[in-house]
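Student: got a sequence here, can you model it:
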Amino acid sequence: MAWFNLGAIQAEQGEAAQGIASYRRALELDPAFAEAWSNLGDLLGAAGDKAGEMDAYRRALDVNPQLAPVWSNLGNALLGSGRPGEALVACQRATDLDPDFAAGWNNLGNALHACGEDEEAVAACETALKLAPEHAEIWGTLGAALHGLGRFEEAVDAHRRAAAIQPGVAHHQFSLGIALQHSGRYAEAIKYLRHALALDPGHAQAQWDLGCALLASARLSEGWEQYEWRWRRSKAEAKRYDFTQWDGDLSRPRRLLLWAEQGIGDHILYGSLLTDLAASPLRITLEVDPRLVSLYQRSFPQLAVVPQRDPPADPKDFDCQAPLGSLGRWLRPTIESFPRHQGYLKPDLKRAEAYRARLKGDMSICLVGIAWKSANQEFGVSKSQSLLDWREVLGVPRARFIDLQYGDTARERERMERETGARIDHLPDLDLHDDLEGLAALCAACDLVITASNVTAHIAGALGRPVWLMAPQDGGRLWYWFAGRTDSPWYPSTRIFEQQVRGTWKETLGAIAQELAAHIKKSSTH
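Tutor: Numbering: from 1, shown residues only. Model (predicted):
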């Protein structure tokens with residue numbers, strides 16, 4: 001007990017290493033000292049030893065399996081180690097043992113949220129708040145669960161309550177900023193993200209999200225600088241290259257390696273910046289996803305285009321490098337700096353003409369390519385629609401609808417035709433996911449593309465084809481569509497239809513159906 005008490009005093013004084021040693025000494029004398037195992041676990045976790053932390057908690061529970069706080073702490077440790085399923089079991093055990101344990105209900109809420117069970121997480125948090133209504137962490141967990149359900153205004157209120165209780169905690173200010181950002185309230189989001197950074201300047205995720213909020217608000221010069229924090233986030237992809245970065249100088253003839261990053265849509269989006277570089281004395285090698293190499297080589301013959309492979313290229317072959325997403329700070333400092341291009345990607349014209357001849361038939365028919373889903377892991381659900389939601393659009397006469405949706409769409413198309421009689425033409429010999437040259441050619445063959453915010457939107461926009469893009473109200477309206485705009489500086493041929501009612505696309509697709517009918521009628525008179 002003396003060694004245990006000494007360990008507790010050392011821990012309270014911030015002497016973690018000495019506290020760990022004292023608890024270990026206590027456990028040498030009494031290996032069945034459950035509280036010592038529990039406190040040792042706390043200190044090991046704080047020191048970053050997750051495996052040691054979980055082992056200590058389990059040893060405490062081997063001695064006394066009725067310790068609700070230890071089950072709860074074990075759940076937290078499991079959650080922090082990326083094992084949400086096991087965490088859920090441990091946290092549930094804690095609340096079963098002690099139904100009046102507010103922190104246990106909060107931890108259960110966290111585990112449920114991590115498992116995607118947000119309705120249940122909200123219920124757990126509401127139970128916790130009945131027990132401890134002024135507990136900031138519980139309000140924060142409730143905010144996260146409400147956010148996961150898309151109930152953004154309620155999430156804002158919950159995070160605001162947490163921030164009011166603990167105004168000096170950066171995490172609460174950050175979470176409030178993100179909820180506001182995903183509600184489309186960018187000015188307020190920027191304010192609270194700055195508050196978070198005043199408390200914790202090294203909060204990389206807050207720095208990155210501040211950059212996205214600034215960019216979405218068209219505050220480009222500030223936003224691009226913050227955007228560089230993307231590499232420091234805990235879940236960031238690794239930089240492919242880290243040698244001398246290009247300084248934005250277009251006047252000197254250097255060997256520059258440009259490399260694509262993030263998703264395929266980003267590879268295409270930032271491709272518009274290459275038009276500024278193609279006429280410079282720079283000797284540029286562009287490294288992109290292998291599916292885009294031939295498309296980019298045709299579109300930018302002045303560049304050497306190579307596929308991204310491992311191992312990466314040899315830095316000795318270049319004077320400097322830059323990821324494509326970093327070019328914006330040099331080349332797009334304002335909205336006015338975006339060129340009014342008519343398309344910078346060039347499709348395989350023979351293939352496009354062949355697709356058009358195959359599909360057009362009656363020349364008075366409007367070929368409308370459609371895509372309705374996004375595979376984005378974070379925002380795909382909010383950006384996507386059910387094909388059945390499109391029944392009014394697909395009922396517009398004098399239009400022939402072409403499947404541009406990557407993935408297996410057969411079941412959805414068959415159900416649509418069975419229930420509504422609406423037919424969507426599908427080319428079985430074209431892989432819309434892996435054959436991006438084919439997707440580009442098919443987009444080029446269409447008179448109009450109507451699409452969710454996905455790769456198809458980027459390819460069609462980069463080709464300069466008329467695009468009607470459906471953008472959600474929440475965070476799924478990614479920053480590069482800019483807040484409050486119905487046009488796209490990136491893709492001048494794109495028109496944005498913002499979701500009219502959060503959580504449903506009925507009104508938006510109804511408006512598109514009316515616009516499409518008017519568009520076809522107008523085209524037929526010319």
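
Student: which parts of the chain are strands?
Tutor: Applying DSSP state E to the chain gives strands spanning 255-259, 283-288, 304-307, 320-323, 366-371, 399-403, 424-425, 448-452, 467-471, 494-498.

Student: residue contacts, the spatially most central residue of the chain?
Tutor: Most central in the chain under Cα atoms, centre = their mean is residue 378, positioned 4.4 Å from the mean C-alpha point. Residue 378 makes contact with residue 475, according to Cβ atoms under 8 Å, 6 or more residues apart in numbering. All C-beta atoms are positioned from the backbone trio N, CA, C, and that covers glycine.

Student: need phi/psi at it.
Tutor: When read as degrees, to the nearest 10, the backbone of residue 378 gives phi -90, psi -40.

Student: give me the pLDDT value at it.
Tutor: Note for residue 378: predicted pLDDT of 80.

Student: neighbours of residue 495, how many?
Tutor: Number of residues near residue 495 (other Cβ atoms under 10 Å) recorded here: 15.

Student: contact partners for it?
Tutor: Going by Cβ under 8 Å, 6+ apart, the list of residues near residue 495 reads 466-469, 486-487.

Student: how about residue 182?
Tutor: Counted by Cβ under 8 Å, 6+ apart, residue 182 has contacts 147, 152, 474-475.

Student: just confirm residue 131 contacts residue 106, I think it does.
Tutor: No: judged on Cβ atoms under 8 Å, residue 131 makes no contact with residue 106 at a distance of 9.5 Å.

Student: of the contacts of residue 495, buried ones?
Tutor: Neighbour-count burial (16 or more other Cβ atoms under 10 Å) is assigned, among these, to 466-469.

Student: residues contacting the residue lying closest to residue 210 once chain neighbours are set aside?
Tutor: For residue 210, ignoring the flanking residues on the chain, the nearest one in space by Cβ to Cβ, 6 or more residues apart in numbering is residue 193 at 4.2 Å. Counting by Cβ under 8 Å, 6+ apart, residue 193 makes contact with 173-174, 177-178, 181, 206, 209-210, 213.

Student: next: residue 396.
Tutor: Residue 396 makes contact with 513, 516-517, 520, according to Cβ under 8 Å, 6+ apart.

Student: state the phi and psi torsions of it.
Tutor: Taking degrees, to the nearest 10 as the convention, residue 396 sits at phi -70, psi 130.

Student: what pLDDT does residue 20 get?
Tutor: We have a pLDDT of 95 for residue 20.

Student: now it: how far from residue 44?
Tutor: 7 Å (Cβ to Cβ, to the nearest Å).

Student: repeat that for residue 222.
Tutor: Counting by Cβ to Cβ, the gap from residue 222 to residue 44 is 41 Å.

Student: quick one: which of these two has more around it?
Tutor: It is residue 44, of residue 222 and residue 44, that has more neighbours when counted by other Cβ under 10 Å, with 22 against 16.

Student: that one and residue 57 touch, don't they?
Tutor: No: judged on Cβ under 8 Å, residue 44 makes no contact with residue 57 at a distance of 9.4 Å.

Student: ok, residue 442 - contacts?
Tutor: Counting by Cβ under 8 Å, 6+ apart, residue 442 has contacts 352, 355, 369, 402, 404, 427, 430, 432.

Student: list only buried entries from those residues.
Tutor: Burial by neighbour count, 16+ other Cβ under 10 Å: within the contacts of residue 442 this picks out 352, 355, 369, 402, 404, 430, 432.

Student: residues contacting residue 470?
Tutor: Residue 470 makes contact with 383, 385, 450-453, 497, 499, 505, 508-509, 512, according to Cβ under 8 Å, 6+ apart.

Student: now tabulate the residues you listed in JSON lines and tack on neighbour count and pLDDT.
Tutor: Listed next are the contacts of residue 470 as JSON lines, based on neighbours: other Cβ atoms under 10 Å; pLDDT from 0 to 100:
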{"residue": "383", "neighbour count": "25", "pLDDT": "91"}
{"residue": "385", "neighbour count": "20", "pLDDT": "93"}
{"residue": "450", "neighbour count": "30", "pLDDT": "98"}
{"residue": "451", "neighbour count": "26", "pLDDT": "97"}
{"residue": "452", "neighbour count": "24", "pLDDT": "96"}
{"residue": "453", "neighbour count": "26", "pLDDT": "95"}
{"residue": "497", "neighbour count": "17", "pLDDT": "96"}
{"residue": "499", "neighbour count": "21", "pLDDT": "92"}
{"residue": "505", "neighbour count": "21", "pLDDT": "93"}
{"residue": "508", "neighbour count": "20", "pLDDT": "95"}
{"residue": "509", "neighbour count": "24", "pLDDT": "96"}
{"residue": "512", "neighbour count": "21", "pLDDT": "97"}
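
Student: low-scoring stretches of the chain, by residue?
Tutor: Within the chain, the stretches with pLDDT under 70 are 525-526.

Student: longest single helix anywhere in it?
Tutor: Ranked by residue count and defined by DSSP state H, the top helix of the chain is helix 506-524.

Student: give me the contact list for it.
Tutor: For helix 506-524, the external contacting residues (Cβ under 8 Å, 6+ apart) are 364, 366, 368, 385, 389-390, 392-393, 395-399, 447-448, 450, 468, 470, 497-501.

Student: ok, back up a step: just the buried ones among the contacts of residue 442: which are in helices?
Tutor: Those of these lying in helices (DSSP H): 352, 355.

Student: now distance to residue 188 too, for the buried ones among the contacts of residue 442, in a markdown table please.
Tutor: Output for the buried ones among the contacts of residue 442, formatted as a markdown table (distance: Cβ to Cβ, whole Å):
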| residue | distance to residue 188 |
| --- | --- |
| 352 | 46 |
| 355 | 47 |
| 369 | 38 |
| 402 | 42 |
| 404 | 37 |
| 430 | 45 |
| 432 | 39 |
